Structure formats: structure tokens, C-alpha cells
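Student: coords please:
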Amino acid sequence: DEVISTVEERVTKTQFRIRSKHVIGCDGAKSQVRKHLGIESEEEDSWKHRVRYETMMTIHFNADLRPILKDRVGMLHWIMDPAASGFIIGYDLSGNQVLISNFDSDKHPVNSWNEELCRRVVTAAIGQSVPFDVLSYRPWILSRKVAKQYRIGNVFLAGDAAHSFPPTSGLGLNSGIADVHNIAYKIATFHQGWASSKILQTYGAERRQPAEVNSKQSVKNGKKIFSFLKILSTAGVDDEEEARNILLRSIHDPAKQELINQQVEGQREHFDNLELHIGYVYGSKEIPPHASHYTPKLIAGARLPHAWIWFLNECLAPQNDPIDVSYVTEFSQEEVLARQFSSLDLCAFDTFVIIVGSRQTWVQRFDALEAAVEKWGLKLRLYAVGSDFDFVHEPHRTLFDIGASFDIGGGLLVRPDQHILSKLAPNASVEDLKFSLSQHLGF
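Tutor: Residues are numbered from 1 along each chain as shown. Got it, this is the predicted structure:
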């Protein structure tokens with residue numbers, strides 16, 4: 001019924017013993033929690049697939065790149081120079097950047113890496129002589145790893161402890177956030193007495209599938225980026241000056257232009273992949289056919305689609321501050337005011353929400369449901385189009401009318417983590433709603 005953890009403060013080496021009901025291990029790709037639990041991972045890396053450019057180096061440095069880039073102020077800059085092929089992530093172009101570059105580990109064994117090598121690579125990547133400091137550097141392998149299980153007893157894995165993959169597309173970070181979004185409310189409902197321990201079993205079942213899909217996409221993205229040089233015929237050329245000359249000839253070779261254009265277009269899923277970030281459906285094994293083609297879904301397991309809304313009932317308006325998009329200079333004042341609240345603001349971290357097309361046809365059923373589940377201590381809230389809120393844009397209204405039958409009295413039952421628990425038919429009974437909740441909560 002409890003977990004005792006020993007935690008060490010690394011600077012002073014002081015150890016603490018912590019007694020808790022649950023532990024969520026968020027201690028990174030080399031998780032000691034995962035290791036202690038003996039949880040194995042499914043892995044795939046470039047060593048096993050004999051890819052030449054399998055070893056990667058991340059170099060954290062600081063340089064003022066603004067005079068070089070001028071008006072080209074993008075955050076991500078591809079480097080095609082054979083001496084430093086990869087990309088620079090400009091967290092702050094005036095002094096905080098990361099260079100991710102691929103290395104032939106036969107030519108540059110990891111144990112031979114030093115600051116001098118890093119400085120040579122960064123200088124080649126920048127292309128001009130500018131002062132900078134190398135803050136850190138580390139190797140990693142273009143690989144993916146997903147834990148075979150996310151829970152043992154009252155201990156859970158989340159974030160990189162549960163899954164780790166290349167830093168492409170931001171999928172790793174967003175997957176970790178979604179892990180905790182999922183498990184946090186489930187642990188809370190159990191502690192509050194709103195759910196049985198069965199709800200905790202759904203965590204791994206729901207979160208592992210998106211991690212599998214995202215990890216494979218991240219490796220795919222990484223391989224696409226670092227195989228681009230092969231198209232330009234510079235891979236395998238040891239002499240850097242010769243490789244640069246080949247690169248320049250390839251860029252200006254009309255015969256290769258179409259191939260280069262195809263390779264550039266092939267990177268789209270790396271930068272446009274909303275379907276993976278928010279388009280997944282819990283309980284579905286379907287793999288998205290294309291990461292870039294996001295489709296709003298109004299089905300059980302899907303994340304409630306975003307739609308801009310107006311609140312008509314101030315008593316039901318959320319406590320959070322309105323969204324501020326005034327920084328978007330292209331918006332008029334009217335457009336700024338129309339983008340203050342999202343359909344996602346109808347959700348709350350501690351509440352199950354019923355969203356319907358008509359309050360009049362649902363209020364009696366809602367009151368009866370509240371009475372029926374009162375013993376669970378569950379928080380419920382009803383929102384109705386036309387009386388509590390309305391859609392700002394007609395296409396969003398149409399989406400919910402068609403997808404959730406709002407126009408004929410249908411609705412949605414939404415979990416605290418903004419995922420749809422069930423679609424509600426216009427004639428759904430109180431028992432139907434109670435059954436959906438009890439199944440999810442484990443009663």
C-alpha cells in the first residue's frame with residue numbers, strides 16, 4: 001500500500017527516505033526507477049541496422065549568430081557542410097544554441113572527442129569566425145526505446161523513463177507531458193475515493209501505443225535528415241574539401257534538383273505532425289497514415305477538438321485567464337476578443353464534463369446523474385451550446401453538429417484530461433452515463 005524511496009541529493013550526497021502511496025518515475029532515459037523495477041524496453045537503434053552515421057553529437061554552445069543570420073531568424077537551421085552536417089537549434093540567437101551533428105564513429109571514436117573537436121565542428125557549422133564557448137557535449141545513438149510496461153504495483157514510469165527517442169519533432173517532450181496528464185488525474189481520483197485502483201491499470205494501456213507510434217516516427221525523421229547528404233553524394237567522402245566541392249556541384253546539378261526537392265518535401269512530417277501530437281485515440285491500434293494530416297475526432301478516446309468559443313453564462317466561465325493573442329499583429333481587436341477561450345477550457349482537472357447541444361433536453365438527466373453518483377463524490381458539470389457557450393466560427397459548430405450530433409440533442413462525456421470518455425446519443429439514459437463512468441472509474 002505504500003512505496004519507500006531513497007533519494008540522493010547529488011551535490012551534497014545527502015540521502016532522504018520518502019514514504020508515499022505512489023511514485024512516478026520521471027528520471028530520464030537512464031531511469032534508475034525503471035532499472036530498479038527490472039522493466040525491460042523494446043529497442044531499435046542504428047547499430048543494429050548498420051547505418052553509417054549512427055553516432056550523434058550534441059554540442060551546447062553560445063555565440064551571437066544575429067550578425068550572420070540577419071533577417072533569417074528561424075529557430076532551426078540545417079547545416080549541409082560535410083564537416084558539420086546536422087542542424088543548429090537557436091534557443092537564443094544572441095547566445096544559446098545547440099548543434100546536433102552526425103559522426104562516423106570509426107573515424108571519430110567517442111573516446112577521442114574533446115573540446116578541440118567540438119570547436120572545429122561548430123566553426124564549420126557557423127561558417128564564419130565568431131567567438132563562442134563550448135558549454136557541453138555528449139554522444140547519443142539514433143535510437144528508440146519504449147518500456148515494455150509502464151507500471152509495477154504503485155510505481156509508474158513517465159516521460160523519458162518510459163520512452164526515449166531522437167529529439168526530432170518535439171514528440172518526446174509532448175509524449176512525456178501527455179503521460180503525466182493521463183496518470184495525474186487517475187491517481188487523484190483514486191486518492192479522492194472517486195475511483196477504484198482499476199483506473200490505474202488503464203495508464204499503460206492508453207499511453208504505450210502513442211509512444212510506440214511517436215518513437216518510430218522520430219527515428220524515421222532522424223534518418224531522413226541525416227540521409228540527405230547521401231543524396232548529395234558526399235557520404236563516405238573522407239576529404240572534407242573534396243566533399244564540399246561535391247556538395248556545391250550537386251546543389252547546382254539540374255539532374256539532381258528534382259531529387260533534392262523530393263528530399264526537402266520528405267521532411268514535412270518532421271515539422272508538421274499535429275496528428276501525432278494530439279490526434280491519437282486511446283484504445284485504438286490504428287497507425288496514422290500521415291503525421292501531417294490532423295483530423296479532429298469526436299469519438300471515445302480522442303482528445304476533445306479545439307474550437308474557439310464565447311462564454312454566455314459567466315457563472316460557468318473557467319477560472320483560468322483568457323488566452324491573449326494580442327501579440328498577433330495581423331488580428332483585429334475583434335479577432336483578438338474572439339480567441340480568448342477554447343472548447344478545451346470547458347474541461348477542468350478535477351471534473352468530468354458533459355457537453356451537449358441543448359440544456360433543456362439534458363438538464364433533468366444531468367441532475368439525475370449527479371444524484372446517482374453522489375456517493376462516489378464525483379464532480380460533474382454540464383455545458384450546453386446556446387445557453388452556456390457558443391461557437392465563434394460556424395465551421396466549428398458544424399464539426400460538433402456532425403461529429404457529436406449536437407444539432408439533434410447529442411453530446412459528449414469528457415474526462416479531466418480532455419479526452420472523450422463517450423459519445424452520448426440524443427436518447428442516452430442516466431443509466432448509460434452512469435455505466436460509462438463506472439466502467440472508467442473501476443466500480
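
Student: Find the nearest non-adjacent residue to H181, please.
Tutor: Leaving aside its chain neighbours, H181 sits nearest to D417 (5.0 Å; criterion: C-beta to C-beta, 6 or more residues apart in numbering). Just so you know, the C-beta spots here come from the backbone N, C-alpha and C atoms, and that holds for glycine as well.

Student: same question, I309
Tutor: I309 sits nearest to F389 (C-beta to C-beta, 6+ apart), 4.8 Å away.

Student: Domains in this protein, by residue range?
Tutor: Using automatic domain parsing, the domains assigned to the chain come out as 55-141, 308-441.

Student: Could you dump these into CSV and include mean pLDDT, mean neighbour count and distance to V7?
Tutor: Formatted as CSV, the domains of the chain follow (pLDDT from 0 to 100; neighbours: other C-beta atoms under 10 Å; distance: least, C-beta to C-beta, whole Å):
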stretch, mean pLDDT, mean neighbour count, distance to V7
domain 55-141, 90, 16, 24
domain 308-441, 95, 17, 26
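
Student: Which one, of those domains, ends up nearest to H22?
Tutor: domain 308-441 (16.9 Å; C-beta to C-beta).

Student: gap between that closest one and the chain center?
Tutor: Remark: domain 308-441 is offset 24 Å from the chain centroid, using C-alpha atoms, centre = their mean, to the nearest Å.

Student: residues contacting the residue nearest to D272 when sequence neighbours are not counted?
Tutor: Of all residues not flanking D272 in the chain, S292 sits nearest, at 4.3 Å (C-beta to C-beta, 6+ apart). Shown in contact with S292 (C-beta atoms under 8 Å, 6 or more residues apart in numbering): R268, E269, D272, N273, L274, E275.

Student: Who wins on neighbours among these?
Tutor: By neighbour count, taken as other C-beta atoms under 10 Å, the most surrounded of the contacts of S292 turns out to be N273 (25 neighbours).

Student: wait, doesn't that residue sit right on K220?
Tutor: No - the criterion here is C-beta atoms under 8 Å, and N273 misses it with K220 at 10.6 Å.

Student: quick revisit: and the domains of the chain: which comes nearest V213?
Tutor: The stretch from the domains of the chain with the least distance to V213 (C-beta to C-beta) is domain 308-441; that distance is 16.3 Å.

Student: L346: which of the contacts of S292 is nearest?
Tutor: L274 (20.7 Å).

Student: Read off the pLDDT value for that closest one.
Tutor: We have a pLDDT of 94 for L274.

Student: Next: K48.
Tutor: Here the pLDDT value assigned to K48 is 50.

Student: E275: helix or strand, and which one exactly?
Tutor: Per DSSP states H and E, E275 falls inside helix 274-278.

Student: for that helix, packing partners?
Tutor: Applying 3 or more C-beta pairs under 8 Å, 6 or more residues apart in numbering; DSSP states H and E, we find helix 274-278 packed against helix 171-192, helix 202-226.

Student: Which of the ones you listed has the lowest mean pLDDT?
Tutor: In terms of mean pLDDT, the lowest-scoring of the helices and strands packed on helix 274-278 is helix 202-226 (a mean of 89).

Student: in that one, what's buried?
Tutor: Residues 202-204, 206-215, 217-226 are the ones in helix 202-226 that count as buried (16 or more other C-beta atoms under 10 Å).

Student: ok, so what distance separates the residue nearest to the spatial centre of the chain from S227?
Tutor: In the chain, the centroid-proximal residue (C-alpha atoms, centre = their mean) is N174; its distance is 2.0 Å. Summarising the geometry, the distance separating N174 from S227, computed by C-beta to C-beta, to the nearest Å, is 25 Å.

Student: could you redo the domains of the chain as JSON lines and give each row distance to S164?
Tutor: Output for these, formatted as JSON lines (distance: least, C-beta to C-beta, whole Å):
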{"stretch": "domain 55-141", "distance to S164": "9"}
{"stretch": "domain 308-441", "distance to S164": "23"}
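
Student: Ok, which of those domains comes nearest P288?
Tutor: P288 lies closest, by C-beta to C-beta, to one member of those: domain 308-441, at 16.7 Å.

Student: What is the end-to-end distance of that closest one?
Tutor: The straight-line separation of the ends of domain 308-441 (C-alpha to C-alpha, to the nearest Å) is 30 Å.

Student: Just confirm D390 is within a helix.
Tutor: No - when DSSP: H, G, I helix; E, B strand; the rest coil is applied, D390 is found to be strand, with no helix at that position.

Student: which residue sits closest to it, ignoring its sequence neighbours?
Tutor: Using C-beta to C-beta, 6+ apart and skipping residues adjacent in sequence, the residue nearest D390 is W310, 5.1 Å away.

Student: Spit out the contact partners of that neighbour.
Tutor: The contact partners of W310, by C-beta under 8 Å, 6+ apart, come to A338, F341, F389, D390, F391, V392.

Student: Tell me which strands the helix or strand hosting it pairs with, and in which orientation.
Tutor: W310 is part of strand 308-311 when elements are defined by DSSP H and E. Strand partners for strand 308-311, identified by DSSP bridges, are recorded as strand 341-342 (antiparallel), strand 389-391 (antiparallel).

Student: Could you dump those strands into TSV with distance to K21 added?
Tutor: Written out in TSV, the entries for the strands paired with strand 308-311 read as follows (distance: least, C-beta to C-beta, whole Å):
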stretch	distance to K21
strand 341-342	33
strand 389-391	37
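
Student: Please identify which of those is closest to S20.
Tutor: Across the strands paired with strand 308-311 (criterion: C-beta to C-beta), the nearest stretch is strand 341-342, sitting at 34.2 Å.

Student: Show me which positions of the helix or strand containing Q262 end up buried.
Tutor: Per DSSP H and E, Q262 falls inside helix 254-265. By 16+ other C-beta under 10 Å, the buried positions in helix 254-265 come out as K256, Q263.
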